[in-house]
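Asks: below is the structure, and that's it, no one-letter string:
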């Protein structure tokens, strides 16, 4: 199946630091979604991106849809303890028949924030 | 309140005993999916449905069945569960409308097959 390469796999940072993670693919995507999952919960949508080059913010979070349409980035500024969790990228391939509507997920970035 | 509900939240069963995990959404979304989440493997799609009576295989459909007889419900069926199906399962409901593409996840079902 389609692979999204998400990195880094894990991050250990101090409160107040900025965080950056990304997802790349060998295929072109027309949608990128970023999710956060808290322990014991389902993933929650943070940011959705629909156009190449699009830059969208949600509070301290900023995500960008790469110009090549094969990558996306998520930045968290001034991290706080409640930012702890697993962050997932997800993307939808350019619609082609049976793949239309399928979302592909990265393997996640585990973020740990030390006070 | 817009939500996706799953039941049960936790289930321990034995090999070969048929089980069903229910999923329901109240957002009138046409698109629904099932995922399993395993350590180090992220979220993998099992089956998805783009509308009533329309279902298709995801990345890991073996050993699972689904049905979509009505828009709000999308049950996941394990006819003969095996230990390798021990996992955390998520149902999701997705809104695809114009430029909008957002997916909402249920709270998860933790399944253990002995």
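Replies: Sure thing, it's come through. Being a predicted model, the structure only gives us computed values, none of them experimental. Numbers count the residues shown, from 1 in each chain, chains lettered A, B, ... in the order given.

Asks: pretty sure residue B:70 contacts residue B:51?
Replies: No: counting by CB atoms under 8 Å, residue B:70 sits too far from residue B:51 to count as a contact (10.8 Å). Every residue, glycine included, has its C-beta placed from N, CA and C.

Asks: quick one: the lowest-mean-pLDDT helix or strand in chain A near chain B?
Replies: Least confident element among the helices and strands of chain A, by mean pLDDT, DSSP states H and E: strand A:103-105 (a mean of 86). Yes: residues of strand A:103-105 are located near chain B by CB under 8 Å from any CB of the partner chain, namely A:103-105.

Asks: what is the nearest of these to residue B:84?
Replies: residue A:105 (19.8 Å; CB to CB).

Asks: residues touching the closest one, list them.
Replies: Taking CB atoms under 8 Å, 6 or more residues apart in numbering or on different chains, we find residue A:105 in contact with A:4, A:88-90, B:35, B:42-45.

Asks: skipping its backbone neighbours, what lies nearest it in space?
Replies: Distances taken as CB to CB, 6 or more residues apart in numbering or on different chains place residue B:43 nearest to residue A:105, at 4.2 Å, with adjacent residues excluded.

Asks: also residue A:46?
Replies: Closest to residue A:46 by CB to CB, 6+ apart is residue A:34, at 4.7 Å.

Asks: what does residue B:57 give?
Replies: Nearest one to residue B:57, counting by CB to CB, 6+ apart, is residue B:47 at 6.1 Å.

Asks: neighbours around the one you found, how many?
Replies: If you count neighbours by other CB atoms under 10 Å in any protein chain shown, residue B:47 ends up with 23.

Asks: also residue A:51?
Replies: For residue A:51, using other CB under 10 Å, the count is 12.
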